[in-house]
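Undergrad: fold the stuff below for me.
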Amino acid sequence: MQKFIAAAAGLAGLLLSGNAMAGKDLDAIKARGSLNCGVGIGTAGFMLADSQGKWKGLSVDVCRAVAAALFGDAEKVRYVPLTSQQRFTAVQSGEVDMVMGNATYTLTRDTALGLDFTGVFYYDGQSFLVPKKLGVKSAKELNGATVCVAPGTTTELNLADYFRANKMTFKPVVIEKVDEIRAAFFAGRCDVYTTDASSLAATRAANVPPPRTFDDFVILPEIISKEPLGPVVRHGDNQFADIVRWALYAMLEAEEYGIDSRNVDEMLKSDNPAIKRILGVTPGMGKALGVDEKWVYYIVKQVGNYGESFDRNIGKDSALKVDRGLNKLWTQGGLQYAPPIR
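TA: Here you go, the predicted model:
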């Protein structure tokens, strides 16, 4: 028993000291005093600058959570808009520290590009948006259709695979910038717009040009792929990757324990050992990451838990009204599951 206790104490000491040594990326971020976060060109609910230039959205909130963990201030972020073809090059070159451009977590991206995906903040899948007047009820009725799609994406590959598997043909209209894809679709240059279902919902809710409305377009029922979307960092700085990973997990863990931006101050008085650990009342977790012991408190107080961010940006309290679906917590039948903060 004594040997076991000594070994456990040695492991704890390693966890609380070795991991606190910053890598070169984290050193640069701390010296700069802000986080450079790459985001997409603009998708309502996920990443969009408002009329004052303030970026908002579910993806943006993950960047803000990382800044809150690092600096105690969720506003210490510089947002860099990137196209789907630019995003990985930008993080590889050091132009940005991380990318929250709704990139799909795949094997080749995680192994061959010198990148690390640090979790899944949104479980998505590819679908198709069509004008209602087209009279199409299923993706299997799209043989011969002209399809707008972004290049260099999993979307482009999935599209080709789906049509080939169903012995159908299509004519691609390949456009890099998302606003130009939408403009082409609404102008009738293509019959179909395909991308992640969440982005199609955002397009339908926020981008339809008048006099047409939301009801003039339909998202077809087929989901043709798995699109787990995750934060992306450069490979090589394990501690920074850990901070990004656990900032997301903290938002999920807070929701699971009922800790939100309204009650977090009261929760500091909780007798629950797990909540005391999460919020830093019982110290150790901050030291293990090399950040302030109140890192989760700062995230929840300034950004909110995952459910708050989801509802505010794309869920029931937003214009998009996207159902949580697979993004419910595991305790509610969904896939969102955070390892314990302990």
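
Undergrad: sketch out the low-pLDDT regions of the stretch 201-342 of the chain for me.
TA: For the stretch 201-342 of the chain, no stretch is flagged by pLDDT under 70.

Undergrad: so where do the strands sit in it?
TA: 217-219, 227-229, 232-234 (DSSP state E, counting those that start in this stretch).

Undergrad: let me know which of these is the nearest to I299.
TA: Among those, strand 232-234 comes nearest to I299, with 17.5 Å by Cβ to Cβ. C-beta here means a position set from N, CA and C on the backbone, and glycine is covered the same way.

Undergrad: pull the residues that contact that closest one.
TA: 25, 87-88, 91-92, 94, 97-101, 103, 109, 114-118, 240-241, 244 (Cβ atoms under 8 Å, 6 or more residues apart in numbering).

Undergrad: got TSV for the strands of the stretch 201-342 of the chain, with distance to P81 and mean neighbour count too?
TA: Converted to TSV, those look like this (distance: least, Cβ to Cβ, whole Å; neighbours: other Cβ atoms under 10 Å):
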stretch	distance to P81	mean neighbour count
strand 217-219	25	18
strand 227-229	17	23
strand 232-234	15	24
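
Undergrad: out of those strands, nearest to G307?
TA: Comparing those by Cβ to Cβ, strand 227-229 comes nearest, at 17.2 Å.

Undergrad: just the element for I29, please.
TA: Assigned by DSSP states H and E, I29 belongs to helix 24-32.

Undergrad: my read: R204 touches D216, true?
TA: No. With contact defined as Cβ atoms under 8 Å, R204 does not count as touching D216 (9.2 Å).

Undergrad: so which of the two has more stuff around it?
TA: R204 (20 against 13; other Cβ atoms under 10 Å).

Undergrad: how close does that one sit to V149?
TA: 17 Å (Cβ to Cβ, to the nearest Å).

Undergrad: and Y337, by the same measure?
TA: Counting by Cβ to Cβ - Y337 and V149 are separated by 32 Å.

Undergrad: who has more neighbours, those two?
TA: Between Y337 and V149, counted using other Cβ under 10 Å, the more crowded position is V149 (23 against 13).

Undergrad: list the contacts of the more buried one.
TA: T155, E156, L159, P172, V173, V174, I175, I181, Y193, T194, T195.

Undergrad: for it, what are phi and psi?
TA: Backbone torsions of V149, given as degrees, to the nearest 10, read phi -150, psi 150.

Undergrad: also G144?
TA: phi 80, psi 0.

Undergrad: before we move on, what about V77?
TA: According to degrees, to the nearest 10, V77 has phi -130, psi 140.

Undergrad: and if you look at A145?
TA: According to degrees, to the nearest 10, A145 has phi -70, psi 150.

Undergrad: how many neighbours does it have?
TA: Quick note: A145 (other Cβ under 10 Å) scores 20 neighbours.

Undergrad: look up the residues forming beta bridges with it.
TA: F170 (DSSP bridges).

Undergrad: what about stretch 256-268, how long is it end to end?
TA: In stretch 256-268, first residue to last residue: 16 Å (Cα to Cα, to the nearest Å).

Undergrad: which residues in the stretch 51-200 of the chain form strands?
TA: 55-56, 77-81, 98-99, 115-117, 122-124, 126-131, 145-149, 170-174, 192-196.

Undergrad: just send those strands back as JSON lines, with distance to N327 and mean pLDDT too.
TA: Putting those into JSON lines (distance: least, Cβ to Cβ, whole Å; pLDDT from 0 to 100) gives the following:
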{"stretch": "strand 55-56", "distance to N327": "18", "mean pLDDT": "97"}
{"stretch": "strand 77-81", "distance to N327": "23", "mean pLDDT": "97"}
{"stretch": "strand 98-99", "distance to N327": "20", "mean pLDDT": "98"}
{"stretch": "strand 115-117", "distance to N327": "17", "mean pLDDT": "96"}
{"stretch": "strand 122-124", "distance to N327": "6", "mean pLDDT": "98"}
{"stretch": "strand 126-131", "distance to N327": "16", "mean pLDDT": "98"}
{"stretch": "strand 145-149", "distance to N327": "24", "mean pLDDT": "98"}
{"stretch": "strand 170-174", "distance to N327": "29", "mean pLDDT": "98"}
{"stretch": "strand 192-196", "distance to N327": "13", "mean pLDDT": "97"}
